[in-house]
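J.: please work out how this folds:
(3 chains)
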Amino acid sequence: MFRFSEIKKSFLVALWLMFLTFPIMVIRVNTIYKTIEWRWERMFMVGIGAFFLSFLWRYLHKKKEAGEKKAEEAGTLPLAQRLIKNRQFSIPAAIGLGIFIIAFPFIFSMYQTNIMTTALIYVVVGLGLNIVVGLAGLLDLGYVAFYAVGAYSYALLNHHFGLGFWAALPIGATFAFLFGVILGFPVLRLRGDYLAIVTLGFGEIIRLILENWNAFSFGPSGIANIPRPGFFGMDLSLSQSITYVYFLMIGMAIFTIFVVKRLQDSRLGRAWIALREDEVACQAMGIDKTRTKLSAFALGATWAGIGGVVFAAKTTFINPASFTIWESIIILCIVVLGGMGSVLGVIFGALVLILLPEYLRAFSEYRMLIFGATLVTMMVFRPGGIITDVRKTYKFKGLKDKQPTV
Amino acid sequence: MMKNHVRKILALAFTTTFICLTLSGLSLAADTIKLGVAGPHSGDLASYGIPTIKAAELVVKEINAKGGVLGKPVELVVEDDVCKPEVATNTATKLVGESVNVVLGHICSGATKAALGIYKDSKIVVMSPSATNPGLTQSGDYPNFYRTIASDDAQAQLEVDFALNILKVKKIAVLHDKGDYGKGLAEFAKKFLEESEDAEVVLYEGVTPGAVSYAAVVQKIKRSGAEAVIFGGYHPEASKIVMEMRKKKMKTLFISDDGVKDDTFIKVAGVYAEGVYATGPKDVSQNEMTSIANDAHKAAYGEDPGAFFLNAYAASLALLNAIEKSGSTDYDAISMALKKEYVDTPLGSIRFDEKGDATGVGFSMYRVKNGAYYEVK
Amino acid sequence: MDYFIELFLGGLTRGSIYALIALGYTMVYGIIQLINFAHGEIYMLGAFTALIVAGILTMLGWNQVAILVIASIVAVVYSAAYGFTIEKIAYKPLRQAPRLSALISAIGMSMFLQYYVLLAQTSNFLPFPNLIPDFKFLEPIEHIVRSSEIVIYATTAIVMVLLTGLIKFTKIGKAMRATAQDRDMAMLVGVDVNKVISMTFIVGSATAALGGVLIASHTGQINYYIGFIAGIKAFVAAVLGGIGSMPGAVLGSLVLGMSESFFTGYISSDYEDVFAFLFLVFTLIFRPSGILGRTDTDKV
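T.: Numbering: from 1, shown residues only, chains lettered A, B, ... in the order given. Sure thing, here's the model as predicted:
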């Protein structure tokens, strides 16, 4: 592993990176105070760091290639799916997980529960985007618009009509559904990246309207004092409320997982997957492209709307600044990082992407830097996501040597 | 065989994670007074939040050197909220979970609004050095909230009065940066102008922060014939607008708020900053405590203090003083002490009124002359 | 009438700014079908590098034009280097991977670069010295159009001509077109695809860096976040004009810049972005591949 050529390569990489980062890292020009600071030690840090990292990088690349070849030859399922299929593992794991989930708020502090609830909201929203991006293959960069619709529906309905959480939930979901249809119409003819930019545009349009149309949405000051979900009309203290919302979200997440899985296996779900794989062939097979696309958008939007309503109830204060492009991007990252199309992957992705920055608070400043680097690294080494989606395979019991995959 | 192995490893993994998470959740019980400090400490608004930490650190250091509060040392619990409401709620929950006695923060009005509900339910006194949204104190929704800075409507009133009575302009363009703070100020300014019937609001627009060019808006200002511009927002947009105006040879007066009354504005806008008016907290540079606080900052951190430093310094003093004077960390006792007792701070001798605003903390108008802000008397 | 001309020129400036960035976007997209989210950050890095160089040279008291030239060159070289490196680290390994994975990698890179600059430098807005000297002959109409704007127009025009020339008349340009059309075939006929892709990134980044220097001079201040916003707008412009087409990128940028300027001038600045995006949506509804885009017929 430490052949001379490798060392030479790493040395050159280190030199290159030292050169590359020289101006930004080493020289700090402050034109406000007209000072120039030279920080030479940083250059050496970069050099040494780069030297070792390049070894690591190459090693990981080699492993990845070897792993890919092995998987191709063996034809076995990736680890996660194997684990699930293995009854001996999955049942005790499920029970253990169940106990952990139920006991969670009582073992951990309010703060941890709060974060976990946020992660769960993102699980639901991520699963929604999964329908659009993962299953139907429609790249939606403005997904946060539906999230905002849900949140603002609850906030405004509550403000004007005094509707409570439980009443607002289905209404918010319906509004999001409608918006999904409305926003879906113009994009029917668009392909791939054009679709992406238009959806991005829509996301921004919704946010800007919320920000500027003060009379309707109270603009940038947002809406405050949104009531938390009520428990049969009782008033809850803060910690009780947090626990309550947590369990609510667990229930919601389970419900979502169930529905999404059923949808995946349904005719509609298969139409989506067909759409993703090859639009023209899909049409040739007689699948109504319009209806399929619109349903993907609308159903995906519905989950975002639900997530939005809970978000508003949980944070008790919303303003347009929470619904920027970055949010859409984060949700997209959850889906892709976790594993496009796979439910388990999305759950995992949501947990990782939301919990990680919170637990990285210790690193405070470097938090986002690490986050960005993690995204790149994850994608380079596992482009399929953490838990890759595996298409349903059908084995014919009769033929033992051949395994036709669908 | 393999199954047993896998099981064992998993059990070990679960237990380890469990223990790690539990330990991180436990807080060390200590006999200290805990002062929570919340605000943006990372990201693009960090420069507004970090000076508050430094102020708290200096105050706490000095007080601990004198024996602490009620005989106990004061401990700082610093948490980042990156000025985002949803993160702020997490931050608030964390601080509450760590049993802080009082909170210095948050910095941004939006984040503060989001977090206050949580503090209110847990009966914790919160004092902000910078959240200027009037509703925070005036709505009465947050009896646990105080601040050592005057609210936006006072600023807007000052700007309008100045424009009408001192500058005597009749046509005013009101601009904002579409943000909570800027738009709020602009709306108040517009309201006061319309109420006064002495001047005409010829233009009321929002500019997009971060846009590549404000030429179009500036041209609109020129066309509207405005004699002065009242701008609500922060210095990056203000400096771009002023620069564009001056480069187009417009002599329009520019009046802005304390988001612009910052040395960075002058440095960034350079020569174009000359003549710009901005409101800011009353000039307290004559105050002895102010110079002591500023010197302490320079000595400890090697640079001049940043935004809201003095406000945060005053707030920390006020909070800790209230605990000391009331003799306990009980919510009601502290609240009463804040309203009753005067405390000497770099902002003057202050106490708090029924709604939570600090008395004796006001705004004055400043003008840029020869590259620095001078108070206009 | 004066007002109209001013708005027109303002729109031209905006459009030129977007164009310099959009060209890079479109070039990269044309070759590897990747929306390079990190492109805006290359533009930002160019501006920062130029600031650093200009800062040092100003302290040493060099002549203004020399500073402009040297700062630009250094910025271009460095941005090209960054573009090259980013491609090798974050995009090359993902050439065979699903497109979305490469997109996420680009997003991660964008974040990384933003915070890298934030941490290594400062979160404050830094004033950027006006490196472009004021032309004496422009003095009478200085309030309508400034010398920095003229330089921006000229640079955009020259860059566009140069790039079109590069693509149409040089060997490497031909190789780029071949790779864009069909990568596997290009490899089969002997095109060094890796080199071509690297070249594309280098050229695209260089253009963005040039844009960065000029715009920073024009607006007078930079900060770590300018790349992201400019990037999104430039991307919209590129798509509007037909992504993958260079004249399309410039046309789209000009159209976007103009429409923003006129909308703000005659209607309202509040909704200028809403208008820009709606404009995009409507254009795409009637011309799904952008104004100058070619509708690729899929062979089934």
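J.: contacts, neighbours, all on C-alpha from now
T.: OK.
J.: report how many residues lie close to B:Glu354.
T.: For B:Glu354, the number of neighbouring residues by other C-alpha atoms under 10 Å in any protein chain shown comes to 16.
J.: kindly report the same for A:Ala93.
T.: When neighbours are counted by other C-alpha under 10 Å, A:Ala93 comes out with 18.
J.: and if you look at B:Pro134?
T.: Counted with other C-alpha under 10 Å, B:Pro134 comes out at 17.
J.: do the same with A:Glu277
T.: 14.
J.: what's the answer for C:Arg287, then?
T.: By the measure other C-alpha under 10 Å, the count of residues near C:Arg287 is 19.
J.: name the nearest residue to C:Ala209, sequence neighbours excluded.
T.: C:Gly46 (4.3 Å; C-alpha to C-alpha, 6 or more residues apart in numbering or on different chains).
J.: host element of that neighbour?
T.: Assigned by DSSP states H and E, C:Gly46 belongs to helix C:39-60.
J.: output the below-cut-off pLDDT ranges for the stretch 251-377 of chain B.
T.: In the predicted model, the stretch 251-377 of chain B carries pLDDT under 70 at residues B:284-286, B:377.
J.: now do the strands in it.
T.: B:253-256, B:277-281, B:343-345, B:348-350, B:363-369, B:372-375 (DSSP state E, counting those that start in this stretch).
J.: follow-up on the earlier one: next helix or strand past the helix holding C:Gly46?
T.: helix C:64-86.
J.: how about the CA coordinates for that next one, as PDB?
T.: Extracted C-alpha coordinates of helix C:64-86, given in PDB (Å, rounded to 0.1, in the frame of the first residue of the first chain):
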ATOM      1  CA  GLN C  64      -4.600  50.700 -11.000                       C
ATOM      2  CA  VAL C  65      -4.700  49.200 -14.400                       C
ATOM      3  CA  ALA C  66      -1.900  46.800 -13.600                       C
ATOM      4  CA  ILE C  67      -3.700  45.700 -10.500                       C
ATOM      5  CA  LEU C  68      -6.900  45.100 -12.500                       C
ATOM      6  CA  VAL C  69      -5.000  43.000 -15.000                       C
ATOM      7  CA  ILE C  70      -3.000  41.000 -12.500                       C
ATOM      8  CA  ALA C  71      -5.900  40.500 -10.200                       C
ATOM      9  CA  SER C  72      -8.000  39.200 -13.000                       C
ATOM     10  CA  ILE C  73      -5.400  36.900 -14.300                       C
ATOM     11  CA  VAL C  74      -4.700  35.400 -10.900                       C
ATOM     12  CA  ALA C  75      -8.400  35.100 -10.200                       C
ATOM     13  CA  VAL C  76      -9.000  33.400 -13.500                       C
ATOM     14  CA  VAL C  77      -6.100  31.000 -13.000                       C
ATOM     15  CA  TYR C  78      -7.200  30.100  -9.500                       C
ATOM     16  CA  SER C  79     -10.900  29.600 -10.300                       C
ATOM     17  CA  ALA C  80      -9.900  27.400 -13.200                       C
ATOM     18  CA  ALA C  81      -7.800  25.400 -10.800                       C
ATOM     19  CA  TYR C  82     -10.700  25.100  -8.400                       C
ATOM     20  CA  GLY C  83     -13.000  24.100 -11.200                       C
ATOM     21  CA  PHE C  84     -10.600  21.500 -12.300                       C
ATOM     22  CA  THR C  85     -10.100  20.100  -8.800                       C
ATOM     23  CA  ILE C  86     -13.800  20.100  -8.000                       C
END
